[in-house]
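**Student:** here is my input; please provide its structure:
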Amino acid sequence: MSIVENLNKIHSTLPAGVQLVAVSKTRNDEEIMEAYTEGQRLFGENKVQELVRKWESLPKDIEWHFIGHLQSNKVKFIAPFVAMIHSVDSIKILKTINEEGRRAGRRIPCLLQFHIAREESKFGFSPEDADQLFSQADLAELDHVIISGVMGMATFTEDSAQVNLEFSILYKLFQKVKTTFFAGNDNFREISMGMSDDYQLAVANGSTLVRIGSTIFGERCYLKPES
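**Tutor:** Numbering: from 1, shown residues only. As a prediction, the model looks like this:
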């Protein structure tokens, strides 16, 4: 099927309140514009250099979400325009985003990434440390970030029960944090979980943002790594 057909098929499976982030990493401008012309406005990238190039060349009403591991020295390049950073996995990077947000004169929406998978290679805070993390006094002093919710990646496995368990862990964590630390705060409302192979399980477990690439665009054409 075409990009447009794939996109429409996915949208037809998403309930109200769940947004699709079309993961456009390694995709060319023409492929992105196919989805854009169909009405897609949220796109996700995981490399800073590629994201900046696409922001410069593509329509300015696209909401660019950064979904990859972010290095402190590269925050400044995306701070002026990024719509949301999904992958904040340390207090250090959150403070850097806050500082670059101040320089850019804007508050940057961020999701805190939690490690819910079996793979040690995945990034994120430990769910067990959530209480300590959110009770830190200096977190409330970050006035140029908006903590908008949580993000997580499930184990890459065909064991749907395992994936379902991990998604449920993130949802319960979100609910606990919302009740304890963000009650009445409408900004804290997003749960970013679910990709091409498991997004329907994620939606069933309360995801509000699904990150889907290959199911829309087909298998990736890999580019040279960013230096």
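**Student:** how about the residue nearest the centre of the chain, secondary structure?
**Tutor:** Centroid check for the chain by Cα atoms, centre = their mean gives residue 86 as the closest residue, at 3.2 Å. Of the three states, residue 86 takes strand according to DSSP: H, G, I helix; E, B strand; the rest coil.
**Student:** any weak-confidence spans in this protein?
**Tutor:** Residues of the chain meeting the criterion pLDDT under 70: 121, 220-227.
**Student:** can you show me the strands along this protein?
**Tutor:** For the chain, the strands defined by DSSP state E cover 19-23, 42-45, 63-66, 84-88, 108-114, 145-152, 190-192, 209-212.
**Student:** counting by contacts, list what the fifth one packs against.
**Tutor:** Pointing back at strand 108-114 there. strand 84-88, helix 91-104, strand 145-152 (3 or more Cβ pairs under 8 Å, 6 or more residues apart in numbering; DSSP states H and E). All C-beta spots, glycine's among them, are computed from the backbone N, C-alpha and C.
**Student:** okay if I get these as CSV plus distance to residue 137?
**Tutor:** Formatted as CSV, those follow (distance: least, Cβ to Cβ, whole Å):
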stretch, distance to residue 137
strand 84-88, 18
helix 91-104, 12
strand 145-152, 14
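**Student:** show me what counts as buried in stretch 87-96.
**Tutor:** 87-89, 93-96 (16 or more other Cβ atoms under 10 Å).
**Student:** just flag the most distant two among the residues you listed.
**Tutor:** 87 and 95 (15.3 Å; Cβ to Cβ).
**Student:** right, and the residue nearest to the centre of the chain touches residue 151 too?
**Tutor:** Yes. Residue 86 lies in contact with residue 151 (Cβ atoms under 8 Å); the separation is 4.5 Å.
**Student:** who touches both of those two?
**Tutor:** 111, 113, 192, 209 (Cβ atoms under 8 Å, 6 or more residues apart in numbering).
**Student:** now render the strands of the chain as a markdown table, adding distance to residue 164.
**Tutor:** Putting those into a markdown table (distance: least, Cβ to Cβ, whole Å) gives the following:
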| stretch | distance to residue 164 |
| --- | --- |
| strand 19-23 | 21 |
| strand 42-45 | 23 |
| strand 63-66 | 25 |
| strand 84-88 | 21 |
| strand 108-114 | 16 |
| strand 145-152 | 13 |
| strand 190-192 | 14 |
| strand 209-212 | 15 |
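**Student:** show me what the longest helix seen in the chain is packed against.
**Tutor:** For the chain, the helix that runs over the most residues, judged by DSSP state H, is helix 160-181. Packing partners of helix 160-181 (3+ Cβ pairs under 8 Å, 6+ apart): helix 130-134, strand 145-152, strand 190-192, helix 199-204.
**Student:** recalculate using a threshold of 10 Å.
**Tutor:** strand 108-114, helix 130-134, strand 145-152, strand 190-192, helix 199-204 (3 or more Cβ pairs under 10 Å, 6 or more residues apart in numbering; DSSP states H and E).
**Student:** got the angle between it and strand 145-152?
**Tutor:** Between helix 160-181 and strand 145-152, the angle comes out at 150 degrees (axes from the mean of the first three to the mean of the last three Cα atoms, to 10 degrees).
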